[in-house]
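K.L.:
pasting the structure only:
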């Protein structure tokens, strides 16, 4: 379960399943609290986007993922999964009676069970499930939101819906109505397909075509999830953003046969792993600190890229300057500028991601500069043409009054 700040789950093959997965959640560039929650417990994957503000939204989403984790089936049984979501709704409604959260708190919820190549989904709200099949991304779930209803009624285009002032108004959520039930989806997937679960912090920041391009470009699920979250932050990060990526790698029977072989080797490796445990933990912590990165403002107000984390960890500094840029922080979008100028800077998953973000900022500023130059040239040409026309008019009709001397 993950909620506050930024959390990563290393992409790996889940024991006893046939999927490889990765996940990341981030507060974003504007919100002070992360009200999203997620759980990755193969074959179960859940994302939830809480509502109700601090000490309410995050509690609602946490209750949802915890309840579903406890009650969800081990197979792709939509009815059993639906019952787990319905119970989560009851638990959220009853929580304020025992002093947890506040009355009226709620959360979206998208829960999926991937059992081999059989996928079951239960969904309430506007957190989404997508499937990438043969390189094409399609949205499995339907948003329970005001703008989704308006798009279906022909009152808005999908493009207009993404920027509509009421795009965050949802029509169904857990915690608001004791009779709420989820929409259920049951489909067959194939080896090579990819499942994406996300909160609207991703889908409102990046268009489906951008998400599809990243998912086709980056096969590693953890790196893919992290890159999608970073892309949402670059686009403004106006909301908490949570992403879970699951790669479908084959049928359950094939996975079980492979697991049977691995089990026979487990006893041998346990002794070795125990001996290396302490050293591995120390190395892993060091590797993380030297892999992660952040963007921060320099004393001169430009963007710098650092490896490590800001501040100190256990009294030691783990920060190293990687690149100084000439990008003024003040020229960036407000939300990004505020994040970079904060004490913690803009945290990203790796130095490579940080450098990619810097290149995107450079391209954005160059485009703005080119547009400004083009506008200035157009204005100058118009002014010159106007002056020439006025001179021609005076030469053609000298009887007209001059600006200084009246009638000639």
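P.N.:
That came in fine, so what should we check first? Remember, it's a predicted structure, so these values are computed and weren't measured experimentally.

K.L.:
going forward, measure contacts and count neighbours with C-alpha atoms only.
P.N.:
Noted.

K.L.:
now do the helix or strand hosting residue 244, average pLDDT.
P.N.:
Assigning secondary structure by DSSP states H and E places residue 244 in strand 241-248. Averaging pLDDT along strand 241-248 yields 97.

K.L.:
mind listing what's buried along that strand?
P.N.:
241, 242, 243, 244, 245, 246, 247, 248 (16 or more other CA atoms under 10 Å).

K.L.:
what's it packed up against?
P.N.:
strand 19-26, strand 36-41, strand 44-51, strand 194-198, helix 200-203, helix 221-234 (3 or more CA pairs under 8 Å, 6 or more residues apart in numbering; DSSP states H and E).

K.L.:
repeat the analysis, applying 7 Å as the threshold.
P.N.:
Packing contacts for strand 241-248, counted by 3 or more CA pairs under 7 Å, 6 or more residues apart in numbering; DSSP states H and E, involve strand 19-26, strand 194-198, helix 200-203, helix 221-234.

K.L.:
what's the closest non-adjacent residue to residue 117?
P.N.:
In this structure, residue 117 finds its nearest non-sequential neighbour in residue 189, 4.9 Å apart by CA to CA, 6 or more residues apart in numbering.

K.L.:
unless I'm mixing things up, that neighbour is touching residue 118, no?
P.N.:
Yes: counting by CA atoms under 7 Å, residue 118 is a contact partner of residue 189 at 6.1 Å.

K.L.:
picking up where we left off before, distance to residue 80 added to the helices and strands packed on strand 241-248, as JSON lines?
P.N.:
Output for these, formatted as JSON lines (distance: least, CA to CA, whole Å):
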{"stretch": "strand 19-26", "distance to residue 80": "21"}
{"stretch": "strand 194-198", "distance to residue 80": "20"}
{"stretch": "helix 200-203", "distance to residue 80": "26"}
{"stretch": "helix 221-234", "distance to residue 80": "28"}
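
K.L.:
nearest to residue 39, out of the ones you listed?
P.N.:
Closest of those to residue 39 is strand 19-26, at 9.1 Å (criterion: CA to CA).

K.L.:
next one: the closest one to chain centre, how far?
P.N.:
11 Å (CA atoms, centre = their mean, to the nearest Å).

K.L.:
averaged pLDDT, that strand. What do you get?
P.N.:
The average pLDDT within strand 19-26 is 91.

K.L.:
what residues of stretch 57-77 count as buried?
P.N.:
Residues of stretch 57-77 classed as buried by neighbour count (16+ other CA under 10 Å): 57-69, 71-73, 75-77.

K.L.:
what does that stretch rub up against?
P.N.:
Defining contact as CA atoms under 7 Å, 6 or more residues apart in numbering, one finds that stretch 57-77 is touched by 34-39, 43, 46, 48-51, 80-81, 84-85, 88, 92, 101, 105-107, 113-115, 118-120.
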